[in-house]
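Enquirer: Provided below are the primary sequence and the corresponding predicted coordinates.
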Amino acid sequence: MKRRLILLIPLVLFLGMAVFLFKGLYLNPSELPSALIDKPLPAFALPAVNDPGRILTQADFKGKPALVNVWGTWCVACREEHPVLNALKEQGITIYGINYKDDNASALKWLQEFHNPYQLDVRDDKGSLGLDLGVYGAPETYLIDSKGVIRYKHVGIVSQQVWRDELAPRYQQLMEAP
């Protein structure tokens, strides 16, 4: 009897692991939960990319709904999404940037070459703001309301489809909110 029980233990462990792994097949890897949803942007005081003498804080991101885009010149996917962000800026969408763990000279060259979609762009060369936001890597984009509260997080490239299907409806709701 004891021997049968001992033989069942590996079978039970295997079945438990199989259920766990099977469930993982149906998870979306781009949906990384954020503990900051419905919480204000973390406090920060960091220089602007375009004006190192100007210190930006979370208060600068208040006033109207906006996208907050985490980007870097080292990020291949950021190059792919950059034209979409420029197009959104042309449509009047407010976008704030966080230049994450990057060299400021490279960032300035990038923005000159590929155009600057950001109303404000924070220089986070040490990654402290990114750490406080729970950034896994770039690009990541947050949707904030007019009070600077994070309402949504998108991990990955903001394509036209992502804007149309995920971000635009949420952005419009925030624009219509009292």
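Expert: Sure, I can see it. Numbers count the residues shown, from 1 in each chain.
Enquirer: which stretches of this structure form helices?
Expert: For the chain, applying DSSP state H gives helices covering 2-24, 76-90, 104-114, 128-133, 160-162, 168-176.
Enquirer: Skipping adjacent residues, who's closest to residue 75 in space?
Expert: residue 138 (4.2 Å; C-beta to C-beta, 6 or more residues apart in numbering). In this view, the C-beta of every residue, glycine as well, is placed from N, C-alpha and C.
Enquirer: if I read this right, the one you found contacts residue 97, doesn't it?
Expert: No. Residue 138 sits out of contact with residue 97 when judged by C-beta atoms under 8 Å, with a separation of 10.5 Å.
Enquirer: Quick check: the most centrally placed residue in the chain vs residue 146, distance?
Expert: By C-alpha atoms, centre = their mean, the chain has its centre lying nearest to residue 140, at 2.4 Å. Noted for residue 140: a distance of 21 Å to residue 146, by C-beta to C-beta, to the nearest Å.
Enquirer: Over to residue 102?
Expert: Separation of residue 102 from residue 146 (C-beta to C-beta) stands at 28 Å.
Enquirer: Contacts only, for residue 121.
Expert: Listed by C-beta atoms under 8 Å, 6 or more residues apart in numbering, the contact partners of residue 121 are 48-50, 96-99, 107, 111.
Enquirer: beta partners of it?
Expert: When assigned by DSSP bridges, residue 121 has beta-bridge partners residue 97.
Enquirer: Show the pLDDT at it.
Expert: Residue 121 carries a pLDDT value of 97.
Enquirer: quick one: it and residue 37, what's the gap?
Expert: From residue 121 across to residue 37, the span is 23 Å (C-beta to C-beta).
Enquirer: Might you list the low-confidence residue ranges for this structure?
Expert: Where the chain drops to pLDDT under 70, the residues are 1-5, 7-34.
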